[in-house]
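Visitor: Could you look at this predicted model? Sequence included:
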Amino acid sequence: MIASGIHAQRARIRISTIIVQAASLYSNLMLRVRFAPSPTGFLHVGSARTFIFNWLYARRHGGTMILRIDDTDLERNTEQSLQSIFEGLEWLGLDWDEQYRQSERLALHRQMAESILAKGLAYRDFTPAGSADEAETGHSGGAWLSNPGQREISAEESDRRAVAGEPFVLRFRVPRTGEEIRFHDAVYGDQSKSTDDIEDFALLRSNGVPTYHLASCADDADLRISHVVRGQDHLTNTFKHILIFRAAGVEAPQFAHLPLLIAPDGSKLSKRKHGPVVSVTTYRDAGFLPQAFINFLCLLGWSPKDDREKMTREELVQVFSFEGINRSNAVINFTEENPFDAKALWLNAEHIRTMAAAELAEQLMPVVESAGFTITPEKMAQIIPLIQERIHLLRDVLTVGDFFFVTELPPYDSAELIPKKGDAALALRVLEKALETLATAEFTHDGLDAALRAAAENLGIKAGQMFEPIRVAVCGRKTAPPLFGTLEVLGRETCLARIERAISKLK
RNA sequence: GGCGCUAUCGUCUAACGGUUAGGACGGAGCCCUCUCAAGGCUUAAAUACGGGUUCGAUUCCCGUUAGCGCUACCA
């Protein structure tokens, strides 16, 4: 009896844990976040980071990631910009579960506007667009709150003028009671603002198209978005959104605002002012690895708090949380000479160094080929160990390993061939000795090592003095990957030919 | 102008109210070494300012200053 009682209790405990797990699974299914770009430019690095944080949060908790194109600004939207957004996200390898386009949901937005109007919580403003006195007729020298007289127009008159076809803007009737609007932000904490400081913002433009505020809230409500994760530039807009949700009778989502990414001079990143460094595709084209770029972006405004820097996407998913997001804007460093942030470069190099050689080779092949060189996968595989820890960007393969790809070395100054503490005569002696040595040496790293060191000893010079002219003869410059491996990969024939060229240059 | 937000090395950041204020990038130097990298070691470098509260403040409160955001029929 006792035993079965214990069993029953255990069973009960098990059932209760199952219920808890089910409940948490259920709430995760209900966790829905969205990235809502407006297609008025290419995918911006700041937008990319916003996408990433949303994505990490969704993936961390088994929620749903939604891509919503906020294209209510008809004049400024472009198809090209939309493509750029997709292109950027595709490169980053980030996916989403549902996709919507705001312009296809206008009916829903208008419906919400109408319901707010029907409740008397919005009103028609018949002030002609761009009235000169609009800005000045506000309250007591402070902010503009509404156009005079418009709030007071009776419902009957308003309806009549609307039916008569008089154009109007639908404005939210912000309560003038001095109420404090409050919400809790997962990053910035408790926020409050008096309705006295919130103007009667527009819901519908005079052409009937919803504004951002309305469309965004209507869609967030309809799509059952549970967490709105977006740039801090929307922090003060959130009070308006709270008002809209309340007026529409729906529960507001949770909010998490992100500190902004800014330029070294403290201004916000803009294409006009800062050029291509603000576009995600620029990083792709320069040879950043998507995982490294994501890693870099995550470290701007967020920290795992345990001194980790290099993290894979999987690690990021595991440790991401709003608690790690800080509140001050983060500078992304770049100058005219160095367009990429040094830390981004370092992180990219770090990711490249820890990559499997085969994977790196696969990434490098198209870079080399698109530069007009032909190279076999076998050759590339041999080159990898020589360059892997020497490149920061994929495209660096072209400057670090160029001499592997060309048949004819680009011209170089023959003075480069002369070693330190030596003269042209020494260089010549070295190269002639090298020619002789390499003609017969075993063409492996160790074989070359032994043969060339022996040759140096034979000439009575230091190994370094021996290697330097050979390196320049073979690579065309003084800084290059380690010599023996390089010679081995290049092969006897090429090496001998290049050394002969060097000798004739010296003569 | 009004309102809101923010403030730690050059930059990204860490620090239950008690630390010699930590790490990373970048800089400088040394070691390793066939050059370049990589790696190892060392080093310079910060709590914006002024008041409180407290035995004790980078941390909490107030003010100043600075920066940013919003203040559109942009998003």
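Guide: Looks like it came in fine.
Visitor: Domains of chain A: list them as residue ranges, please.
Guide: Annotated domains of chain A cover A:106-216, A:271-353, A:357-506 [automatic domain parsing].
Visitor: Can you redo those as JSON lines, where the extra columns are mean neighbour count and mean pLDDT?
Guide: C-beta here means a position set from N, CA and C on the backbone, and glycine is covered the same way. Shown next, in JSON lines, are the domains of chain A (neighbours: other Cβ atoms under 10 Å; pLDDT from 0 to 100):
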{"stretch": "domain A:106-216", "mean neighbour count": "16", "mean pLDDT": "90"}
{"stretch": "domain A:271-353", "mean neighbour count": "17", "mean pLDDT": "95"}
{"stretch": "domain A:357-506", "mean neighbour count": "17", "mean pLDDT": "96"}
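Visitor: As TSV, the ones you listed with distance to A:Thr40 would be great.
Guide: Shown next, in TSV, are the domains of chain A (distance: least, Cβ to Cβ, whole Å):
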stretch	distance to A:Thr40
domain A:106-216	12
domain A:271-353	11
domain A:357-506	29
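Visitor: among the ones you listed, which is nearest A:Glu251?
Guide: domain A:106-216 (11.6 Å; Cβ to Cβ).
Visitor: does any bit of that closest one sit next to RNA strand B?
Guide: Yes - residues of domain A:106-216 are located near RNA strand B by Cβ under 7 Å from any atom of the strand, namely A:127-130, A:135, A:141-144, A:167, A:169, A:188-189, A:191-194, A:197, A:199, A:201-202, A:205-207, A:209, A:211-213, A:216.
Visitor: hmm, back to that, A:Tyr57: which of the domains of chain A is closest?
Guide: Closest to A:Tyr57 of these, according to Cβ to Cβ: domain A:271-353, at 6.4 Å.
Visitor: and that closest one, how far apart are its ends?
Guide: 32 Å (Cα to Cα, to the nearest Å).
Visitor: now swap in stretch A:348-367 and tell me
Guide: Span of stretch A:348-367 from end to end, Cα to Cα: 16 Å.
Visitor: next one: stretch A:279-295
Guide: Note: stretch A:279-295 ends 17 Å apart using Cα to Cα.
Visitor: go on, stretch A:394-409?
Guide: End-to-end distance for stretch A:394-409: 22 Å, by Cα to Cα.
Visitor: which residues are contacting it?
Guide: Contacting residues not belonging to stretch A:394-409 are listed as A:286-289, A:352, A:363-364, A:367-368, A:371, A:373, A:375, A:379, A:383, A:386-387, A:390-391, A:410, A:474-476, A:480-481, A:489-490, A:498, A:501 [Cβ atoms under 8 Å, 6 or more residues apart in numbering].
Visitor: Near RNA strand B, list only the ones from the residues you listed.
Guide: A:390, A:480-481.
Visitor: need these in JSON lines with secondary structure, can you?
Guide: JSON lines is the format used below for those (DSSP: H, G, I helix; E, B strand; the rest coil):
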{"residue": "A:Arg390", "secondary structure": "helix"}
{"residue": "A:Ala480", "secondary structure": "coil"}
{"residue": "A:Pro481", "secondary structure": "coil"}
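Visitor: need the residues of the stretch 351-500 of chain A near RNA strand B, please.
Guide: Taking Cβ under 7 Å from any atom of the strand as the contact definition, the stretch 351-500 of chain A meets RNA strand B at A:353, A:389-390, A:463-464, A:467-468, A:471, A:478-485.
Visitor: May I ask which helix or strand encompasses A:Ala247?
Guide: helix A:237-248 (DSSP states H and E).
Visitor: So what's the gap between that helix and the chain middle?
Guide: 30 Å (Cα atoms, centre = their mean, to the nearest Å).
Visitor: where along the stretch 51-200 of chain A do the helices fall?
Guide: Applying DSSP state H, counting those that start in this stretch to the stretch 51-200 of chain A gives helices spanning A:79-92, A:106-118, A:155-163.
Visitor: If you count contacts, what does the second one end up packed against?
Guide: Read that as helix A:106-118. Judged by 3 or more Cβ pairs under 8 Å, 6 or more residues apart in numbering; DSSP states H and E, helix A:106-118 is in contact with strand A:122-125, strand A:169-172, strand A:202-204, helix A:212-222, helix A:237-248.
Visitor: What helices and strands are in contact with the first one?
Guide: When you say that, I think you mean strand A:122-125. helix A:106-118, helix A:155-163, strand A:169-172.
Visitor: Parallel or antiparallel, list what pairs with that strand.
Guide: Paired strands of strand A:122-125, with direction, are strand A:169-172 (antiparallel) (DSSP bridges).
Visitor: mind saving the C-alpha coords of the partner strand as CSV?
Guide: C-alpha atoms of strand A:169-172 as CSV (Å, rounded to 0.1, in the frame of the first residue of the first chain):
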residue,chain,number,x,y,z
VAL,A,169,-6.2,63.0,-42.0
LEU,A,170,-7.4,60.6,-39.4
ARG,A,171,-5.8,61.5,-36.1
PHE,A,172,-5.7,59.7,-32.8
